[in-house]
Each structure stands twice: as structure tokens, then as C-alpha cells.
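S.K.: Whatever this is, show me its structure:
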Amino acid sequence: MAQQAWSFKAIEQDDLRYWGNDGYHDNSSAFYRYDNFVANHKNVKEGDIVIITNRDNVLGVSVIDKMTEKHINKKRNKCIREECNAKKIFRRKTIKPEWRCDNEHTFDEPREIFEPAVEFIANYEARYKGITNISMSQLISETPRYNGQMSIQEVNFEWAIALFDSQSSVVLNLQAGEADNDTPTFMTDDQRNIVERQIKQRRGQQKFRDGLLKSHPVCAVTGCKLVDILEAAHVNAYRNDSHNHISNGLLLRSDIHTLFDLNLFAIDPDTNKIHFSEGALQYGYQQYECAVLDIKHKISHNSLLKRWKTFTR
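M.R.: Have a look, this model is predicted:
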């Protein structure tokens with residue numbers, strides 16, 4: 001399945017508004033716990049990007065490394081009256097009786113019931129990075145079907161992956177301006193888990209990248225001009241210094257570089273037009289389909305042809 005991006009709303013127990021349950025006891029910088037009663041529970045998977053929030057702030061971004069699930073008996077808090085069908089109950093801090101349902105019944109303690117459920121835990125601690133420069137309004141604007149009541153919501157993948165990569169100087173132990181890789185050009189299926197987001201520690205073949213930046217300092221696919229997240233990609237896999245000529249290189253935004261390494265897009269060597277896989281087209285890259293490569297240097301036709309044959313076979 002194609003990689004996606006999600007926002008996870010982590011609410012501390014003290015901040016619960018509705019007490020139909022006792023919360024999920026998350027650790028917002030390490031894991032997120034939810035169950036099959038939560039919308040989108042079936043869609044979240046390993047490799048997806050996650051943006052963690054509380055009710056008011058964006059807290060961090062990461063990638064899910066591991067998903068676990070187990071069957072549980074979930075405790076639910078209900079109105080004390082069995083005939084009451086109230087969907088929400090409230091815990092009041094200063095008024096007695098302490099509890100009230102939305103049918104206006106009040107009581108000292110809720111009635112507890114237990115229902116079978118499947119509990120999921122998304123673990124993302126290894127690549128978590130705290131964020132202080134993204135507002136909730138920015139996140140909401142990148143959430144196509146935003147609903148303030150939902151705990152898990154799909155986020156614009158392209159925006160989320162750029163956000164993740166903008167933190168890579170810390171996540172990948174890089175300094176800004178040192179982005180590059182020498183990852184083998186084509187990955188087998190067994191290697192894809194290595195490639196996702198941290199394809200490899202970027203090694204910074206500086207002269208190669210500097211040459212591409214000097215020629216035309218924009219992403220050859222998207223036109224992005226944010227130099228800190230532009231990476232020098234080899235069209236043919238790096239073997240020795242002879243492969244570091246800019247005729248064998250493209251300057252790519254970090255998420256585009258990853259797609260290139262995964263062979264999820266290629267360039268028609270006869271037209272220089274860009275073509276994406278069906279999976280990539282479904283998740284935010286349609287606008288770049290059939291765009292012409294934005295470069296000023298001469299690119300090796302043979303290198304593009306080799307890539308193209310692999311992509312189209």
C-alpha cells in the first residue's frame with residue numbers, strides 16, 4: 001500500500017472533555033494508542049508519516065516504525081440509568097454530583113460496561129522530532145477533510161513529507177546544505193523498508209551537489225527553491241568519482257529524491273517529461289505528471305534511458 005500521512009490527536013486525561021472512556025494513555029513522543037472504534041483505524045500502517053498534536057498545538061512529526069494490535073475489553077463510562085441512551089457524559093470539577101450525561105442526568109459515579117475491542121499501538125519514537133514552528137491552522141489547512149472531533153485524520157502527504165524532511169538536519173544528523181546520497185539506484189522489495197525516509201545516512205559529496213546548485217538551484221521536478229531540502233541524486237548509481245559529474249545528477253526535493261530511489265517515477269529520455277507510478281499519482285504528485293524536467297545542464301541520455309527501461313518494464 002502507498003505511504004500516507006496522518007495527524008494523531010493526543011489528549012492528556014486531565015484535558016478530556018467527554019468521559020465516555022478514560023482516554024488512551026499515550027506517550028506523544030513515542031507511541032499512539034487507539035482502538036477499532038476510532039475512525040481511520042484500518043488505514044494507518046507502518047511507514048506512514050504521523051504529525052502529533054494535542055488540542056491546541058502541533059507537537060512533533062515522525063514515521064511509524066512498528067504497529068501492534070491486540071484484543072481487549074474496553075471500559076466505557078455510561079449514564080447511571082440503564083434506559084438512558086446518552087452518547088456523552090461529562091466529569092465536573094467544581095460541581096456535585098461530579099458526573100452528568102447529555103440528557104441532564106447527574107450521578108456520583110458512572111456505570112461501567114466492558115466491550116470487546118481491538119487495541120492498536122503505533123510506535124514512532126525512533127524518528128520523532130519535536131516541532132515548534134507549525135501552527136494548528138497550518139495543519140488544518142493541509143487536512144482535506146478536517147473534522148475537529150476526529151482523533152486520526154489524513155493529511156496532505158506531500159506537505160507532510162516536506163515537513164518531515166525539513167527536520168532532517170536533526171533526524172538524520174545532518175547540517176543544512178549537506179544533503180546527498182549514494183544509495184544504489186534500484187531497490188528490491190526487501191530493501192524498501194530501509195529506503196523509506198532514511199534511505200541512508202546522507203554522505204554529502206559536496207562538489208557534486210554544489211555543481212548542481214550552481215547550475216540551477218531548484219528541484220528539477222517541483223521547482224522548489226528551499227535549498228536546505230534539495231538533494232543531489234545520481235541518475236546512475238554512484239560507483240566512483242566519475243559518477244559525480246552533474247550530467248549524471250539531478251537536484252531533487254528530499255521526498256522526490258526518495259521516490260526516485262524507489263523507482264516510483266522516471267524521465268522519458270526523448271522528451272524529458274516526468275512520469276510517476278500509479279501509486280505516487282494517488283498521493284499528491286498528480287500535478288507533476290508530464291512536467292518537463294527543470295534543469296539547465298545537459299543530462300546523460302543513456303543514464304535516463306537505463307532508468308526509463310527499468311521504470312516501464
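S.K.: going forward, measure contacts between C-alpha atoms and count neighbours the same way
M.R.: Will do.
S.K.: those helices in the stretch 1-150 of the chain, which residues are they?
M.R.: 136-141 (DSSP state H, counting those that start in this stretch).
S.K.: next one: the stretch 201-313 of the chain
M.R.: Under DSSP H, counting those that start in this stretch, the stretch 201-313 of the chain gives helices at 206-215, 254-261, 278-281, 301-312.
S.K.: Check the offset of the first one from the chain's centre.
M.R.: When C-alpha coordinates are averaged (C-alpha atoms, centre = their mean, to the nearest Å), helix 206-215 and its chain have centres 29 Å apart.
S.K.: Flag every buried residue along it.
M.R.: Using 16 or more other C-alpha atoms under 10 Å as the test for burial, helix 206-215 gives 208-213.
S.K.: Quick one, which of the helices of the stretch 201-313 of the chain gets closest to residue 4.
M.R.: Across these, residue 4 has its closest neighbour in helix 278-281 (10.4 Å, C-alpha to C-alpha).
S.K.: quick one: average confidence on the closest one?
M.R.: Across helix 278-281, the average pLDDT comes to 84.
S.K.: again with stretch 103-122
M.R.: Average pLDDT, stretch 103-122: 92.
S.K.: same deal with stretch 286-299?
M.R.: Mean predicted confidence for stretch 286-299 is 94.
S.K.: For it, output the C-alpha coordinates as CSV.
M.R.: Taking Å, rounded to 0.1, in the frame of the first residue of the first chain, the C-alpha atoms of stretch 286-299 are listed here in CSV:
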residue,chain,number,x,y,z
GLN,A,286,-0.5,14.4,-10.0
GLN,A,287,0.4,18.0,-10.5
TYR,A,288,3.9,17.0,-11.6
GLU,A,289,2.9,14.3,-14.1
CYS,A,290,4.1,15.0,-17.6
ALA,A,291,6.0,18.1,-16.4
VAL,A,292,9.3,18.8,-18.3
LEU,A,293,12.5,18.4,-16.3
ASP,A,294,13.6,21.8,-15.0
ILE,A,295,17.4,21.8,-15.5
LYS,A,296,20.0,24.0,-17.1
HIS,A,297,22.7,21.4,-17.5
LYS,A,298,22.9,18.6,-20.1
ILE,A,299,21.8,15.3,-18.7
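S.K.: Residues touching it, excluding its own?
M.R.: With contacts defined as C-alpha atoms under 8 Å, 6 or more residues apart in numbering, stretch 286-299 is touched by 215-216, 218-223, 246-250, 267, 271-276, 280-281.
S.K.: Narrow those residues to just the buried residues.
M.R.: Here, 16+ other C-alpha under 10 Å leaves 216, 218-223, 246-250, 267, 272-276, 280-281 buried among those.
S.K.: which stretches of the stretch 101-250 of the chain form strands?
M.R.: Remark: strands assigned in the stretch 101-250 of the chain by DSSP state E, counting those that start in this stretch are 106-107, 111-123, 129-130, 152-154, 230-234, 249-253.
S.K.: and residue 87, which of the ones you listed is closest to it?
M.R.: strand 111-123 (13.2 Å).
S.K.: Now do residue 258 against residue 231, distance only.
M.R.: Applying C-alpha to C-alpha, to the nearest Å, the value for residue 258 to residue 231 is 10 Å.
S.K.: So for the two, which residue has more residues nearby?
M.R.: residue 231 (28 against 20; other C-alpha atoms under 10 Å).
S.K.: on that earlier part again, can you redo the buried residues of helix 206-215 as TSV with pLDDT and distance to residue 50?
M.R.: Converted to TSV, the buried residues of helix 206-215 look like this (pLDDT from 0 to 100; distance: C-alpha to C-alpha, whole Å):
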residue	pLDDT	distance to residue 50
208	85	33
209	88	30
210	89	32
211	90	34
212	92	32
213	93	31
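S.K.: with those in mind, which one is nearest to residue 60?
M.R.: residue 209 (29.3 Å).
S.K.: was I right about that closest one contacting residue 232?
M.R.: Yes: counting by C-alpha atoms under 8 Å, residue 232 is a contact partner of residue 209 at 5.1 Å.
S.K.: returning to what we had before: please convert the strands of the stretch 101-250 of the chain to JSON lines, extending it with distance to residue 160.
M.R.: Formatted as JSON lines, these follow (distance: least, C-alpha to C-alpha, whole Å):
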{"stretch": "strand 106-107", "distance to residue 160": "44"}
{"stretch": "strand 111-123", "distance to residue 160": "17"}
{"stretch": "strand 129-130", "distance to residue 160": "13"}
{"stretch": "strand 152-154", "distance to residue 160": "10"}
{"stretch": "strand 230-234", "distance to residue 160": "16"}
{"stretch": "strand 249-253", "distance to residue 160": "13"}
